[in-house]
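Undergrad: Let's see this in three dimensions:
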Amino acid sequence: MCLTPALVTLVLTIPGIIATVQVSTRPVLEAEIKKAISIPCVPTISTPNTTKYIQWFVMEKNVRQRIYFQDMENSTVDAGTDYTSRISVDKTYTLTIDPVMLRDERTFHCQVGAGPVGSGEAETLLKVYAAPDMPVIEKKSGTISLLETEAKEIASCVTRNGYPAPSVTWYKDRTPLHADPQLRNRTSVRLQAIEEANGLYTMKSVLSYIPVKQDKDALFYCEVSYRMPVGIDMMKESAKISISISYPPENAEFLIDRKVLKEMDNMTMECRSDGTSSVDYTFFKILDGEMVHIESTGNKVVMTALSRKDSGLYGCKVLDLDTYDEFVSNKTIMVHYLDPIVLTPKGPYVFTEGDKNVRISCEAGASQRPTVEWTKGKKTVVSTGKWLKLHMVELEHAGNYSCNVTVPGVSSLSRQKTISIVVKGPPHVNCTAEKFQKNGPYVNLTCVFRGDPIPVVMCNAHKEPTLTYHLQKNYVVSELILPLPTGELQLTCNGTNKHGNDDYLFIVQGDVAQAKSSGGVVIVVIIVCILLLAILGAILYFLYKKGKIPCGRSGKQSITQAEVHDNIVVEVKNDQKVPEETVLLQGVNGDKKLPSHQ
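TA: Prediction:
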């Protein structure tokens, strides 16, 4: 704490002794309104035991007025002053004012007397501060045209109850308007300071400004700067506002609400300008080189249930009603379409097995070259492009085919047409045999006959089997379940239609089940038997050379007696494959019904 020395020094009159009284205090103190402040008073007396007194004074209209007195016996707060109820003095003679008021900004004197030694005093200047209220910004109504050449009033800023009077600064996007030379040349500020009855200040600042087009997105606000104890600079900001600017357009923009259009869609056309001044919108279509006006209200037009005829060049014009400048924007609009599918030849699609170079085309008119794909059954792609080609017709080519046509880039624009291909031809048979155990050995014999017309299938056997027929769309499945015989059993299945016939022969034995087509010889079985005999002969010769086999008659062993096996072998001789459908129809062997259950 920096204290000033006493203003008066008195000399004691005792011969040979010099006595003095000095008083120290703060030369300047700062206080905030409605809060407390303490003013120190520190006396220094050369003869400490001397009887002393202390007095506090204030300057009231250039006249000193005592507000407090204290001697060695009594202390008194003077009555009838502005401080009677607001001050107190402690034992160190420090004066406390609570609360501080605006009128307390004055000089306070502390006087200390020491009897015959004399007296001394010091003074403190008290400065008072009040923080202003939050600034309130008010935007002026109306729109400012860029064609104006003089600054127009755009906003006012008011802050109240500040002391001393605060300063007001205007900003645009965090930049002080007075700090930028370009902004300063377009800015005018009128400031008014009003001292209210309570002595506090109300500040009103009015901003006038010449805007430019870039100011359409700018934010303006005011800042109030003030000082608070002790030497602290502070500020408060108002809310931010934007100003309404009218400026002429420089461009027009023509828009539609969809990227892709197709027939029966609705379309909204919109015309925009980059200005804010009053404008007039006009829509048009170029038809045979002529501009055809389209009726509209405002800057939008709605077209419903579009057709391919609505494709073409559309646009809009923007007319500035202030400058009469005109701006144009246009765009080519394509309305996509896809016509019904046309198949060539038209059908019916009935072919004979063995036909060559069968071709069916699939075409459809479209707004652009379509994508064509042929599928069979459950979306199996068999051809890409408009042609379905069968180089050599087979029974497997029969079935349902779909032609799928889509317009690239327009996923919702597609068509499909389905045809049925019939292949006429004699029966073709595939057979299989499978053995299983269920209360004894059984064999499951299955044959699939394909052909058109559907073959008539008959199976016969020397013993009565469990025989079932499954009639499908273009094939017949015959399924036989029978116990394996101890001897040989022959069974024939025959399929016949008007184009021919085909049959299959099963030879079932106790240990072997053979199946062969009519007129065929089981060459593979013979070859296998020869190979087995050759291997057996080689083994016997090897044992003979080693002396393992005696040559005497009594030592002869029968090598012709075959070992009896209990296991049953079912063998099918046919190079043809059984189609997928047969597997699905056979079921699980364990679920087959035995003859005893029929």
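Undergrad: could you list every residue that touches residue 188?
TA: Residue 188 is in contact with 151, 207, 208, 209, counting by C-beta atoms under 8 Å, 6 or more residues apart in numbering. Heads up, the C-betas are built off the backbone N, CA and C, glycines and all.
Undergrad: Can you list phi and psi of the closest residue to residue 250 other than its chain neighbours for me?
TA: Nearest-residue entry for residue 250: residue 274, 5.7 Å, with adjacent residues in sequence omitted and distances by C-beta to C-beta, 6 or more residues apart in numbering. Residue 274 adopts backbone torsions of phi -90, psi 20, taken as degrees, to the nearest 10.
Undergrad: wait, what's in contact with residue 274?
TA: By C-beta under 8 Å, 6+ apart, the residues touching residue 274 are 249, 250, 251, 253.
Undergrad: Just flag the most distant two among these.
TA: Using C-beta to C-beta, the two most remote members of the contacts of residue 274 are 250 and 253, lying 11.1 Å apart.
Undergrad: more crowded one of these two?
TA: Higher neighbour count among residue 250 and residue 253: residue 253, with 15 against 12, using other C-beta atoms under 10 Å.
Undergrad: sorry, back to before: what's the distance between the residue nearest to residue 250 and residue 327?
TA: Residue 274 is 9 Å from residue 327, where distance means C-beta to C-beta, to the nearest Å.
Undergrad: tell me, what's touching those two both at once?
TA: By C-beta under 8 Å, 6+ apart, the residues touching both residue 274 and residue 327 are 249, 250, 251.
Undergrad: wait, doesn't the last one sit right on residue 271?
TA: It refers to residue 251. No - the pair residue 251 / residue 271 is not scored as a contact, 11.4 Å apart, by C-beta atoms under 8 Å.
Undergrad: And the two? Which one has more around it.
TA: residue 271 (24 against 12).
Undergrad: Could you pull up the residues touching the more buried one?
TA: Residue 271 neighbours (C-beta under 8 Å, 6+ apart): 252, 253, 254, 255, 281, 283, 299, 300, 316, 317, 318, 329.
Undergrad: Take those and lay them out in TSV including distance to residue 374.
TA: Output for the contacts of residue 271, formatted as TSV (distance: C-beta to C-beta, whole Å):
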residue	distance to residue 374
252	49
253	45
254	42
255	41
281	50
283	45
299	49
300	45
316	46
317	50
318	52
329	45
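Undergrad: Could you list the single helix or strand in the protein with the lowest mean pLDDT?
TA: In the chain, no helix or strand scores lower on mean pLDDT, DSSP states H and E than helix 580-586, which sits at a mean of 32.
Undergrad: so which helix or strand takes in residue 539?
TA: Taking DSSP states H and E as the definition, residue 539 sits inside helix 523-545.
Undergrad: what about the stretch 401-550 of the chain, any weak spots by pLDDT?
TA: 461-466, 510-526, 528, 544-550 (pLDDT under 70).
Undergrad: Repeat the analysis, applying 90 as the threshold.
TA: Counting by pLDDT under 90, the stretch 401-550 of the chain has low-confidence residues at 411-412, 428-495, 497-499, 502-550.
Undergrad: Cross the shared contacts of residue 274 and residue 327 against strands and list the overlap.
TA: Nothing among the shared contacts of residue 274 and residue 327 maps onto strands, per DSSP state E.
Undergrad: which one of those residues is nearest residue 323?
TA: Nearest to residue 323 among the shared contacts of residue 274 and residue 327, with distances taken as C-beta to C-beta, is residue 249, at 9.1 Å.
Undergrad: For the closest one, which non-adjacent residue is spatially closest?
TA: Distance criterion C-beta to C-beta, 6+ apart; nearest residue to residue 249, sequence neighbours excluded, is residue 275 at 3.1 Å.
Undergrad: Could you look up the SS state of the one you found?
TA: When classified by DSSP: H, G, I helix; E, B strand; the rest coil, residue 275 comes out as coil.
Undergrad: roughly how far apart are it and residue 38?
TA: Look at residue 275 and residue 38: by C-beta to C-beta, they are 65 Å apart.
Undergrad: Same question for residue 259.
TA: Separation of residue 259 from residue 38 (C-beta to C-beta): 77 Å.
Undergrad: For these two, indicate the residue with more neighbours.
TA: residue 38 (15 against 6).
Undergrad: Go ahead and confirm the more buried one touches residue 98.
TA: No - assessed by C-beta under 8 Å, residue 38 is found out of contact with residue 98, at 9.0 Å.
Undergrad: shouldn't residue 363 be in contact with residue 338?
TA: No - counting by C-beta under 8 Å, residue 363 sits too far from residue 338 to count as a contact (11.3 Å).
Undergrad: quick check, distance from stretch 353-365 to the centre of its chain.
TA: 48 Å (C-alpha atoms, centre = their mean, to the nearest Å).
Undergrad: On the pLDDT front, check the residue nearest to residue 250 for me.
TA: Residue 274 carries a pLDDT value of 89.
Undergrad: Could you check how far it is from residue 318?
TA: When residue 274 is compared with residue 318 (using C-beta to C-beta), they lie 9 Å apart.
Undergrad: which neighbours do the two share?
TA: residue 249.
Undergrad: For the longest strand seen in the chain, buried residues please.
TA: Using DSSP E to define each element, the chain has its longest strand at strand 410-437. For strand 410-437, burial by neighbour count (16 or more other C-beta atoms under 10 Å) applies to 410, 413, 415, 419, 421, 423-434.
Undergrad: Stretch 294-310 too?
TA: For stretch 294-310, the neighbour count (16+ other C-beta under 10 Å) marks 296, 299, 301, 303, 306, 310 as buried.
Undergrad: Of these, which is the nearest to residue 50?
TA: Sorting the buried residues of stretch 294-310 by distance to residue 50 puts residue 299 at the head of the list, at 96.8 Å, by C-beta to C-beta.
Undergrad: show me the contacts for the closest one.
TA: The contact partners of residue 299, by C-beta under 8 Å, 6+ apart, come to 270, 271, 272, 281, 316.
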